[in-house]
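Chemist: Structure, please.
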Amino acid sequence: MSTIARALLNEDRSQLEYYEKVTRDMVGKILCKNGVVNYDRTTRTYSLIGHEQLSPSDIAALEGACEKKLRAYVERRGDAIWDHRRRSALAVSGTVRYEILKAAGFRCELCGVPADERALEVDHIVPRNKGGGNDPANLQALCYRCNASKRDRDATDFRAVRAGLSRRGKDCPFCTLTTDRIIAQNDLAVAIRDLHPVAALHTLVVPKRHEPSYFQLSEAEVRACSFLLREQEAAIRHLDSSVEAFNVGINAGVVAGQTVLHSHIHLIPRRTGDVADPRGGVRAVMPGKATY
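Modeler: Residues are numbered from 1 along each chain as shown. Predicted coordinates for the structure are as follows:
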């Protein structure tokens with residue numbers, strides 16, 4: 001059974017990714033900081049400083065010393081080393097875990113990353129060590145990175161972010177978009193052409209949730225908008241080879257010029273000669289301030 005489990009673990013991408021991160025962010029950083037190893041960002045590999053000077057017997061002695069230290073640590077700590085992992089793994093049944101992940105759209109309810117990019121965990125909102133139970137109402141989906149940052153002392157409920165994603169504004173033109181206007185979308189945002197373009201292919205990226213201020217968007221929504229901005233930048237260049245640059249702008253508040261009180265981002269293609277002097281770019285929103 002143990003042999004089969006190890007073989008399955010070797011094929012589990014999410015677990016391998018988890019321990020790669022642990023190695024990089026914990027073990028690797030400590031060893032680099034103490035001058036034991038070097039890290040190559042291109043190949044994403046660690047190398048022991050001075051390893052080329054070690055003989056086979058030196059390497060064997062070093063490996064033996066490491067194994068001895070590990071055995072001593074395991075003997076001293078015993079099963080307590082893995083207790084936190086066992087509690088996490090056994091606390092919630094597979095069926096409940098699936099329902100929680102499905103309800104979250106298989107995305108982290110804090111940062112929005114999908115399960116195929118980063119392993120998701122089912123987290124207790126009120127930690128078990130503070131009396132939190134396994135009722136689905138006390139469970140949420142977090143990626144391993146957000147869950148590790150949250151730890152077991154924080155009872156923040158991130159499901160409110162998910163619940164708010166369906167909010168729509170009455171009579172808001174961006175909340176009542178017809179499908180023929182949408183040129184691209186993902187779970188949290190859409191891309192449309194501006195009805196009053198300042199340049200050909202002027203595009204807007206709009207979060208689906210009705211939120212007037214860009215600064216009140218969740219991290220997941222910001223990521224979704226950023227993804228569409230990059231996608232549309234490439235698409236516009238493909239459609240029009242004369243496009244050489246872009247202005248990316250957000251009017252955040254009426255005083256800043258926002259007329260539709262649903263946060264949106266302008267992606268404006270720029271072409272040689274479209275204005276007499278393009279220097280200063282967005283600084284031109286204040287007359288006389290574009291050049292200095």
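
Chemist: Beyond the worst-scoring helix or strand of the chain on mean pLDDT, next helix or strand please.
Modeler: The weakest-scoring helix or strand in the chain, judged by mean pLDDT, DSSP states H and E, is helix 83-90 (a mean of 55). Downstream of helix 83-90, the next assigned helix or strand under DSSP states H and E is helix 94-103.

Chemist: Report the buried residues of that following helix.
Modeler: Arg97, Ile100, Leu101 (16 or more other CB atoms under 10 Å). For every residue, glycine as well, the C-beta is placed using N, CA and C.

Chemist: can you tell me which residues contact the residue lying closest to Gly280 once chain neighbours are set aside?
Modeler: Leaving aside its chain neighbours, Gly280 sits nearest to Ala290 (2.9 Å; criterion: CB to CB, 6 or more residues apart in numbering). Contact partners of Ala290, counting by CB atoms under 8 Å, 6 or more residues apart in numbering, are Asp277, Arg279, Gly280, Gly281, Arg283, Ala284.

Chemist: From these, keep the buried residues only.
Modeler: Ala284.

Chemist: of the contacts of Ala290, closest to Ser218?
Modeler: For the contacts of Ala290, the residue nearest Ser218 by CB to CB is Gly281; the value is 28.2 Å.

Chemist: Distance check, the closest one against Cys111.
Modeler: Between Gly281 and Cys111 the computed distance is 30 Å (CB to CB, to the nearest Å).

Chemist: can you check Arg24 too?
Modeler: With CB to CB as the criterion, Arg24 and Cys111 are 18 Å apart.

Chemist: cool, and Ser149?
Modeler: Separation of Ser149 from Cys111 (CB to CB) stands at 10 Å.

Chemist: if you count what's nearby, which of the two comes out ahead?
Modeler: Neighbour comparison, Ser149 and Cys111: the larger count goes to Cys111, with 19 against 12 (by other CB atoms under 10 Å).

Chemist: Show me where this protein has its strands.
Modeler: According to DSSP state E, the chain carries its strands in the segments 37-40, 45-48, 120-124, 139-143, 182-185, 189-193, 203-207, 245-249, 265-270.

Chemist: Which neighbours in the sheet does the longest one have, and how are they oriented?
Modeler: Spelled out, it's strand 265-270. The sheet places strand 265-270 alongside strand 203-207 (antiparallel), strand 245-249 (antiparallel), with pairing taken from DSSP bridges.

Chemist: Let me have these in CSV, adding distance to Asp79, mean pLDDT and mean neighbour count as columns.
Modeler: Listed next are the strands paired with strand 265-270 as CSV, based on distance: least, CB to CB, whole Å; pLDDT from 0 to 100; neighbours: other CB atoms under 10 Å:
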stretch, distance to Asp79, mean pLDDT, mean neighbour count
strand 203-207, 47, 97, 23
strand 245-249, 53, 97, 15
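
Chemist: between those strands, which gets nearest to Tyr46?
Modeler: Closest to Tyr46 of those, according to CB to CB: strand 245-249, at 37.8 Å.

Chemist: what's the spacing between that closest one and its chain's center?
Modeler: Mean-position distance between strand 245-249 and its chain equals 24 Å (CA atoms, centre = their mean, to the nearest Å).
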